[in-house]
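Undergrad: Sequence unavailable; structure follows:
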């Protein structure tokens, strides 16, 4: 008779994994803040921020693990500055390993995040040792019973330890999973995805220059679509504040564009373009842009990382399937909204009837699952999980 016992009840550390920044990265001489600011103004690091924004947007865990301290800043630019000031990255965006091999910081961040996700899945399988039971000896029935009970207590103790350690492990997995989701979707409520902007005259060959060119094209398109309002000369401060063109122009100057490609090419609508991620300063700016986005020559869609699109689509379709009534057209939208740090990241389901002057109301929330975990679930388990979320809301 044998049982199984987990090796350790402590949390797995990064220095026990395939890659740990603290273990593998060589610390160089730090530089003053002014030198770091000057380096960030060079083309090398400006191109790095533009071309690899998707990787650097998720670098907070990498920086926190490397510096062994909580990073106050969340912006990639500030995080790169912190790495230079602490001596973990040089002014060319390179980090050095203990073997003196240099690699670009975005590659190190991508590798670290990949290992983080891999460990999340591997942690589902506990590492166990065998529990060996001694031979049961006895010449009388009471002696045999006593010896048997003594060995059974070993098994019972092992099972209790396994239950306790698995409960702790489940909590750690949930916390790690939410950390990954937060890094992926922390700015989702401030982003839109723009398609079909005509860029056939663009001959740029890197993402940063394409994004700058695209912004000017959008501003030009908006001017041509609102020429009468744009050519008005405000006579007072109130007229300037009420001018819809000036308001929209100011908003476009504030927003940030990221080109999702290093060259333009024809898409499925036969438009020479590149997908663009628009990041706004506030949710108010994001909603305001929706009202005049067509004037800028773009088609707007919600932005969502690829791994989460399947979850969002299934939630929307399942809600319609369950709650749609004959003769009524139901509109449903699913968004990611910011929440308190102690709360789980969730998809918020909002709905309203298409006819009449109805307002959107929140109809449900579904906890977001990392793509790694979502892919492990069967279609039946996915649907049951979403249905239970609707019922418990």
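TA: All right, it came through fine. Computed from a predicted model, the values in this text were never measured in an experiment.

Undergrad: isn't residue 333 right next to residue 350, touching?
TA: Yes: here residue 333 lies in contact with residue 350, judged by C-beta atoms under 8 Å, at a distance of 5.3 Å. (Each C-beta comes from the backbone N, C-alpha and C, glycine too.)

Undergrad: For residue 287, give its distance to residue 314.
TA: The gap separating residue 287 from residue 314 is 26 Å, by C-beta to C-beta, to the nearest Å.

Undergrad: Compare these two (neighbour count), which wins?
TA: Comparing residue 287 with residue 314 by other C-beta atoms under 10 Å, the one with more neighbours is residue 314, at 18 against 11.

Undergrad: list the contacts for the more buried one?
TA: Neighbouring residues of residue 314 by C-beta atoms under 8 Å, 6 or more residues apart in numbering: 382-383, 386.

Undergrad: okay, now residue 332: neighbour count?
TA: 19.

Undergrad: Tell me if it really is in a strand.
TA: Yes: Residue 332 forms part of a strand when assessed by DSSP: H, G, I helix; E, B strand; the rest coil.

Undergrad: what phi and what psi does the backbone show at the residue nearest to it when sequence neighbours are not counted?
TA: In space, and not counting its chain neighbours, residue 332 is closest to residue 351: 4.9 Å by C-beta to C-beta, 6 or more residues apart in numbering. With angles defined as degrees, to the nearest 10, residue 351 sits at phi -150, psi 160.

Undergrad: Please enumerate the strands of the stretch 201-350 of the chain.
TA: 256-259, 265-266, 272-273, 276-279, 299-302, 330-336, 346-353 (DSSP state E, counting those that start in this stretch).

Undergrad: neighbouring strands for the last one, and are they parallel or not?
TA: Looking at strand 346-353 with DSSP bridges, its paired strands and their directions are strand 330-336 (antiparallel), strand 361-367 (antiparallel).

Undergrad: residue boundaries of the strands in the stretch 51-200 of the chain?
TA: Remark: strands assigned in the stretch 51-200 of the chain by DSSP E, counting those that start in this stretch are 94-97, 102-104, 128-131, 191-195.

Undergrad: could these go into TSV alongside mean neighbour count, distance to residue 216 and mean pLDDT?
TA: Formatted as TSV, the strands of the stretch 51-200 of the chain follow (neighbours: other C-beta atoms under 10 Å; distance: least, C-beta to C-beta, whole Å; pLDDT from 0 to 100):
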stretch	mean neighbour count	distance to residue 216	mean pLDDT
strand 94-97	18	32	86
strand 102-104	14	29	85
strand 128-131	14	61	54
strand 191-195	19	14	90
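
Undergrad: Of all those strands, which one is nearest residue 148?
TA: Relative to residue 148, the nearest member of these by C-beta to C-beta is strand 128-131, separated by 15.3 Å.

Undergrad: if we can go back for a sec, need the contact list for the residue nearest to residue 332.
TA: Counting by C-beta under 8 Å, 6+ apart, residue 351 makes contact with 319, 323, 330-333, 360-361, 363.

Undergrad: Make a markdown table from those residues and add distance to residue 41 and pLDDT to it.
TA: What follows is these, written out as a markdown table (distance: C-beta to C-beta, whole Å; pLDDT from 0 to 100):
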| residue | distance to residue 41 | pLDDT |
| --- | --- | --- |
| 319 | 48 | 91 |
| 323 | 53 | 85 |
| 330 | 51 | 83 |
| 331 | 47 | 87 |
| 332 | 46 | 88 |
| 333 | 41 | 86 |
| 360 | 43 | 86 |
| 361 | 48 | 88 |
| 363 | 48 | 88 |
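
Undergrad: Among those residues, which one is most surrounded by other residues?
TA: residue 319 (22 neighbours).

Undergrad: does it really touch residue 349, like I thought?
TA: Yes: here residue 319 reaches residue 349: they are 5.6 Å apart, a contact under C-beta under 8 Å.

Undergrad: Mind listing the shared neighbours of the two?
TA: With C-beta under 8 Å, 6+ apart, residue 319 and residue 349 have common neighbours 332, 363-364, 390.

Undergrad: Once you drop chain neighbours, what's closest to residue 295?
TA: In this structure, residue 295 finds its nearest non-sequential neighbour in residue 225, 3.8 Å apart by C-beta to C-beta, 6+ apart.

Undergrad: can you count the residues close to the one you found?
TA: Residue 225 sits with 15 neighbouring residues when counted by other C-beta under 10 Å.

Undergrad: hmm, back to that, using a markdown table, lay out the shared contacts of residue 319 and residue 349 together with distance to residue 95.
TA: Converted to a markdown table, the shared contacts of residue 319 and residue 349 look like this (distance: C-beta to C-beta, whole Å):
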| residue | distance to residue 95 |
| --- | --- |
| 332 | 45 |
| 363 | 46 |
| 364 | 44 |
| 390 | 46 |
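
Undergrad: Now for those: which two are most distant?
TA: Of all pairs drawn from the shared contacts of residue 319 and residue 349, the widest gap by C-beta to C-beta lies between 332 and 390 and measures 11.7 Å.

Undergrad: Quickly list what's touching both of these two.
TA: In contact with both residue 332 and residue 390: 319, 349, 363, using C-beta under 8 Å, 6+ apart.

Undergrad: Closest one of those to residue 199?
TA: The shortest approach to residue 199 among the shared contacts of residue 332 and residue 390 belongs to residue 349, at 35.2 Å (C-beta to C-beta).

Undergrad: Return the residues in contact with that closest one.
TA: Shown in contact with residue 349 (C-beta under 8 Å, 6+ apart): 315-316, 319, 332-334, 362-366, 390.

Undergrad: Ok, residue 298 next?
TA: Per C-beta under 8 Å, 6+ apart, neighbours of residue 298: 194-197, 218, 276.

Undergrad: which one is the most centrally placed residue in the chain nearest to, not counting chain neighbours?
TA: The chain has residue 184 as the residue nearest its centroid, 0.4 Å off, counting by C-alpha atoms, centre = their mean. Nearest non-adjacent residue to residue 184, counting by C-beta to C-beta, 6+ apart: residue 305, 5.4 Å away.
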